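S.K.: model the structure of this input:
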Amino acid sequence: MPRTHLTVHFSEECWLFLRDLEPAATPAKLGSDVRALLDHAPRIQVSTPSPVLRYAVDMLRLHASELLEYLGATYGALPADDPRRRVCAQCLEAIDDGIRRSRLASS
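M.R.: Here you go, the predicted model:
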C-alpha cells in the first residue's frame, strides 16, 4: 500500500466515540501507531459552511485503512439498536472522505 499521507476530519461526537471506545468492544485490534496518531491529534475550527469543531488527524493511507477495518468490526459488533452505531458510521464516513480526498489530490 502506498505511503500516501491524508488528513481525516472527525466531528466532536465521532472523536469522543473514538476516545471512549473500549478495546474489548470489537474483535479487531487497533495498532499502537494508529492509537498514538489519535491520541495526539489537534482540534481545529472549520469555518465553512459553518463553524464546527473538528479533530484533524494526519495519517498514512495504511493507517486509515487499519482504522476503517477496526471501526467496521466495531460497527458490526454493536447491537442494531445501539445509538453508537450511528456515530461509528459517521466515523467511517469521515475516514472514507479523507481517503477519497487524498486520491483526488494525487490524481
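S.K.: okay, the spatially closest residue to residue 33 that is not a sequence neighbour and residue 4: tell me how far apart.
M.R.: Leaving aside its sequence neighbours, residue 33 sits nearest to residue 63 (CB to CB, 6 or more residues apart in numbering; 6.8 Å). The way it works is simple: take the backbone N, C-alpha and C, and place the C-beta from them, glycine included. Going from residue 63 to residue 4 by CB to CB, to the nearest Å gives 10 Å.
S.K.: more neighbours: which of these two?
M.R.: Just comparing residue 63 and residue 4: by other CB atoms under 10 Å the higher neighbour count belongs to residue 63, 23 against 15.
S.K.: can you name every helix or strand that the longest strand along the chain contacts?
M.R.: Criterion DSSP state E: the longest strand present in the chain is strand 52-60. Strand 52-60 makes packing contacts with strand 5-11, helix 12-20, helix 32-39, strand 43-46 when contacts are defined by 3 or more CB pairs under 8 Å, 6 or more residues apart in numbering; DSSP states H and E.
S.K.: which is the next helix or strand following that strand?
M.R.: helix 61-77 (DSSP states H and E).
S.K.: about what we covered before: which one, of the helices and strands packed on strand 52-60, ends up nearest to residue 85?
M.R.: Residue 85 lies closest to helix 12-20 among the helices and strands packed on strand 52-60, at 10.3 Å (CB to CB).
S.K.: quick revisit: buried set for the longest strand of the chain?
M.R.: Of the residues in strand 52-60, 54, 55, 57, 59, 60 count as buried by neighbour count, 16 or more other CB atoms under 10 Å.
S.K.: can you give the strand pairings for it, parallel or anti for each?
M.R.: Using DSSP bridges, strand 52-60 pairs in its sheet with strand 5-11 (antiparallel), strand 43-46 (antiparallel).
S.K.: what angle do the longest one and helix 12-20 make?
M.R.: Put plainly, it is strand 5-11. If you take axes from the mean of the first three to the mean of the last three CA atoms, to 10 degrees, strand 5-11 sits at 110 degrees to helix 12-20.
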